[in-house]
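Undergrad: sequence first, predicted model second:
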Amino acid sequence: MAGYCGVDLCNYGVSQTLQIDINLMEFKYFLLKLATILLVLLILVENASASQSDTSEKIDAIKFGDLQWQTIRINNAIAMFIIEHGYGYPVESVMLSTPVMQASLPKGDIDVKY
């Protein structure tokens with residue numbers, strides 16, 4: 001009986017091929033998920049080690065120029081509070097007149113003008 005294909009023989013071959021293809025796709029998907037997880041972990045570990053090494057350095061205080069105007073003092077106080085308590089950087093307020101502050105800013109004697 002040439003050309004005769006019994007139900008068991010034909011279906012068995014097709015189902016085995018499909019099963020292998022499905023397992024291969026599942027394995028590729030698993031490898032993709034594993035690679036993504038490893039990449040995220042690597043990035044997190046790198047960021048954690050970088051942030052630890054940065055905190056060991058001595059950080060100079062961020063100097064705010066204070067022109068003794070109420071509006072500037074309020075703005076400086078808000079910014080200094082956020083920088084000191086939110087980011088952990090030391091801050092300092094330096095009282096100056098306008099011409100002295102304009103000369104001090106390019107030299108680096110103060111960091112923030114208003």
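TA: Yep, that arrived.
Undergrad: going by C-alpha atoms from here, please, whenever you check contacts or count neighbours.
TA: OK.
Undergrad: how close does the residue positioned nearest the centre of the chain sit to residue 26?
TA: By C-alpha atoms, centre = their mean, the mean C-alpha position of the chain lies nearest to residue 47, the distance being 7.5 Å. Remark: distance between residue 47 and residue 26 (C-alpha to C-alpha, to the nearest Å) = 32 Å.
Undergrad: likewise residue 100?
TA: Distance from residue 100 to residue 26, by C-alpha to C-alpha: 70 Å.
Undergrad: residue ranges in this protein under the pLDDT threshold?
TA: Residues of the chain that meet the criterion pLDDT under 70 lie in 1-22, 48-57.
Undergrad: show me the strands in it, by range?
TA: With strands called from DSSP state E, the chain shows them at 62-66, 91-95.
Undergrad: tell me which of these is the most buried.
TA: Compared across the strands of the chain, strand 62-66 shows the largest average neighbour count, a mean of 22 (mean count of other C-alpha atoms under 10 Å).
Undergrad: what does that strand rub up against?
TA: 72-73, 76, 89-96, 101, 109-114 (C-alpha atoms under 8 Å, 6 or more residues apart in numbering).
Undergrad: again, 10 Å this time
TA: For strand 62-66, the surrounding residues in contact (C-alpha atoms under 10 Å, 6 or more residues apart in numbering) are 72-73, 76-77, 79-80, 83-84, 89-98, 100-102, 104-105, 108-114.
Undergrad: before we move on, the earlier item: include distance to residue 36 when you put the strands of the chain into CSV, please.
TA: Converted to CSV, those look like this (distance: least, C-alpha to C-alpha, whole Å):
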stretch, distance to residue 36
strand 62-66, 39
strand 91-95, 40
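Undergrad: my guess is residue 76 contacts residue 112, does it?
TA: Yes - if you go by C-alpha atoms under 10 Å, residue 76 and residue 112 touch, sitting 8.8 Å apart.
Undergrad: anything in contact with each of those two?
TA: 64, 65, 66, 93.
Undergrad: all good on my end, thank you.
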